[in-house]
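Engineer: All I have is the shape, not the residue letters:
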Ligand SMILES: Cc1ncc(COP(=O)(O)O)c(C=O)c1O
């Protein structure tokens with residue numbers, strides 16, 4: 001049966017993590033993986049998460065099955081967070097999923113069911129798992145321009161010239177905030193333009209919210225989603241709690257559809273549940289219980305959002321220091337683009353070969369597309385990082 005299957009290409013991030021962990025050079029700077037770590041390089045266990053987890057354990061939670069739609073109270077509370085407590089025109093229905101990735105897959109399966117000819121448009125570049133998930137769902141995909149690799153800023157004309165040509169069979173996958181990998185920021189005006197184009201051309205917006213709270217704040221980071229939701233009749237949304245609750249391995253997420261009628265919303269929700277039922281039967285509940293407990297306990301909710309604010313300002317501080325060092329060492333402001341961005345990621349203006357030189361010669365680990373996780377930069381790394389990057393990538397400018 002399996003003798004003739006091919007060996008899939010290995011995962012870039014996993015490979016680089018393994019390679020970096022074997023690298024014992026004391027000046028090593030590992031900026032590969034997209035998780036938030038503390039100054040000792042440990043994945044942060046947020047205080048409110050720890051407390052809620054303990055509280056649930058003390059209460060003796062049971063491990064019974066939940067239905068394939070998941071815990072609908074959690075689904076509702078997460079929806080309120082995603083939409084910053086704002087009501088939008090139409091009917092939102094959703095299900096609990098195994099992470100944002102499970103949500104994305106359920107939505108793609110639903111799109112395939114509704115319109116097998118649909119084409120999913122992804123930004124160039126996009127999160128590494130987007131295209132494989134689209135392909136696995138049996139859907140076609142194409143890329144829309146996003147980053148201008150000369151200026152490292154948004155390729156506005158490329159983006160909007162592409163979107164205005166789309167139609168009813170097209171789905172545009174957008175990052176709710178904190179674009180992965182580029183960190184590029186869409187302004188309110190950009191979101192309004194996207195919403196207007198979706199309305200006029202009828203493409204379906206599919207929003208992937210994986211970093212709510214990492215840009216300007218929990219409510220502020222919902223502005224793109226809300227702007228679109230207020231304009232269009234239909235949209236799809238997947239939400240991840242992996243980053244903003246630090247619940248990566250608990251697999252906490254949700255998938256939502258905005259529909260113009262209650263009947264359509266109910267059908268979408270039931271079909272989404274069928275999709276996840278056929279994949280993993282019921283979603284994992286431990287992390288969702290923790291999130292629900294935090295939402296329902298004002299003291300924990302405040303503790304959680306305060307900690308998220310601290311994480312956020314720490315990353316902003318790193319952006320500022322990095323930018324200042326780039327100015328100082330390069331004598332120009334080319335790297336100011338880093339300051340105009342949001343979230344954990346940014347990209348270096350480097351080719352895959354240059355990223356390899358950084359690893360090989362300087363023990364600086366980033367992805368082949370130039371992505372670095374700013375949250376993993378310690379203050380004492382900055383001078384070395386900047387000097388090394390400039391010596392390898394100057395040629396690019
Ligand atoms: C844009 C984006 N969407 C989804 C995910 C995955 O989220 P989850 O771990 O909840 O499946 C990530 C993780 O890096 C991401 O960057």
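Structural biologist: Structure received. As the structure is a computational prediction, the values presented were derived from the model and not from experiment. Numbering: from 1, shown residues only.
Engineer: so residue 345 makes contact with residue 376?
Structural biologist: No - taking Cβ atoms under 8 Å as the definition, residue 345 is not a contact partner of residue 376, at 10.5 Å. Quick note: C-beta positions are derived from backbone N, CA and C, even for glycine.
Engineer: At the contact with the ligand, which residues of this protein appear?
Structural biologist: 34, 99-101, 127, 175, 180, 208, 210, 240, 242, 248, 253 (Cβ under 6 Å from any ligand atom).
Engineer: Repeat the analysis, applying 8 Å as the threshold.
Structural biologist: 34, 98-104, 126-127, 129-130, 175, 179-180, 208, 210-211, 238, 240-243, 248, 251-253 (Cβ under 8 Å from any ligand atom).
Engineer: Out of those residues, which sit inside strands?
Structural biologist: 175, 208, 238, 240, 253 (DSSP state E).
Engineer: what's the closest of these to residue 304?
Structural biologist: Proximity of those to residue 304 (Cβ to Cβ) peaks at residue 240, which lies at 15.4 Å.
Engineer: Which pLDDT value goes with that closest one?
Structural biologist: At residue 240, the pLDDT value in this model is 98.
Engineer: Compute the distance between it and residue 341, please.
Structural biologist: 20 Å (Cβ to Cβ, to the nearest Å).
Engineer: Please identify which of these two sits among more neighbours.
Structural biologist: residue 240 (26 against 21; other Cβ atoms under 10 Å).
Engineer: Please give me every residue in contact with that one.
Structural biologist: Contacts for residue 240 (Cβ atoms under 8 Å, 6 or more residues apart in numbering) come out as 99, 100, 101, 103, 208, 209, 210, 252, 253.
Engineer: ok, 6 Å please
Structural biologist: 99, 100, 210, 253 (Cβ atoms under 6 Å, 6 or more residues apart in numbering).
Engineer: so it bridges to which residues?
Structural biologist: Per DSSP bridges, the residues bridged to residue 240 are residue 253.
Engineer: Assumed residue 143 was part of a strand.
Structural biologist: Yes - looking at residue 143 with DSSP: H, G, I helix; E, B strand; the rest coil, it is inside a strand.
Engineer: Skipping adjacent residues, who's closest to it in space?
Structural biologist: Closest residue to residue 143 apart from its sequence neighbours, by Cβ to Cβ, 6 or more residues apart in numbering: residue 124 at 3.8 Å.
Engineer: Stretch 102-117 - what's its average pLDDT?
Structural biologist: On average, stretch 102-117 scores 98.
Engineer: so how far is that stretch off the chain centroid?
Structural biologist: 19 Å (Cα atoms, centre = their mean, to the nearest Å).
Engineer: Next: stretch 87-99.
Structural biologist: The answer for stretch 87-99 is 18 Å, by Cα atoms, centre = their mean.
Engineer: cool, stretch 380-388 as well?
Structural biologist: That offset, for stretch 380-388, works out to 27 Å (Cα atoms, centre = their mean).
Engineer: Quick one: mean pLDDT over that stretch.
Structural biologist: On average, stretch 380-388 scores 96.
Engineer: can you check stretch 359-373 too?
Structural biologist: pLDDT averaged over stretch 359-373 gives 96.
Engineer: got the end-to-end distance for it?
Structural biologist: 15 Å (Cα to Cα, to the nearest Å).
Engineer: With stretch 273-288 instead?
Structural biologist: 16 Å.
Engineer: How about stretch 244-251?
Structural biologist: Note: stretch 244-251 ends 12 Å apart using Cα to Cα.
Engineer: Give me the domain ranges for this structure.
Structural biologist: 12-45+311-396, 65-296 (automatic domain parsing).
Engineer: which residues of the stretch 101-250 of the chain fall in strands?
Structural biologist: 119-124, 140-145, 147-148, 153-154, 170-175, 204-209, 235-240 (DSSP state E, counting those that start in this stretch).
Engineer: Out of these, which is the most enclosed?
Structural biologist: With neighbours defined as mean count of other Cβ atoms under 10 Å, the strands of the stretch 101-250 of the chain peak in mean count at strand 235-240, which reaches a mean of 27.
Engineer: quick check: angle from that one to strand 204-209?
Structural biologist: Orientation of strand 235-240 against strand 204-209 (axes from the mean of the first three to the mean of the last three Cα atoms, to 10 degrees) gives an angle of 20 degrees.
Engineer: Between strand 170-175 and strand 235-240, find me the angle.
Structural biologist: Using the same axes, to 10 degrees: strand 235-240 against strand 170-175 is 30 degrees.
Engineer: All the helices of this structure, residue numbers only.
Structural biologist: 12-22, 47-59, 72-82, 99-114, 130-136, 156-163, 188-201, 223-229, 262-280, 286-296, 298-330, 352-362, 382-393 (DSSP state H).
Engineer: what does stretch 172-184 contact?
Structural biologist: Residues from elsewhere that reach stretch 172-184, judged by Cβ under 6 Å, 6+ apart: 120-122, 125, 127, 147, 154, 203, 205-209, 211, 214-215, 221, 224-225, 341-343, 345-347, 371.
Engineer: and what of stretch 334-346?
Structural biologist: 152-153, 178, 180-181, 183-185, 211, 214-215, 319, 322-323, 326, 371, 373-375.
Engineer: ok, now with 8 Å
Structural biologist: So stretch 334-346 is contacted by 34, 36, 151-153, 177-185, 211, 214-216, 243, 315, 319-320, 322-323, 326-327, 371-375, 397 (Cβ under 8 Å, 6+ apart).
Engineer: Same check on stretch 188-195?
Structural biologist: 154, 156, 160, 163, 172, 174, 186, 205, 223-224, 227-228, 230-232.
Engineer: What count of nearby residues applies to residue 276?
Structural biologist: Neighbour tally, residue 276, other Cβ under 10 Å: 24.
Engineer: So, low pLDDT: which residues of the stretch 251-397 of the chain?
Structural biologist: Applying pLDDT under 70 to the stretch 251-397 of the chain flags residues 394-397.
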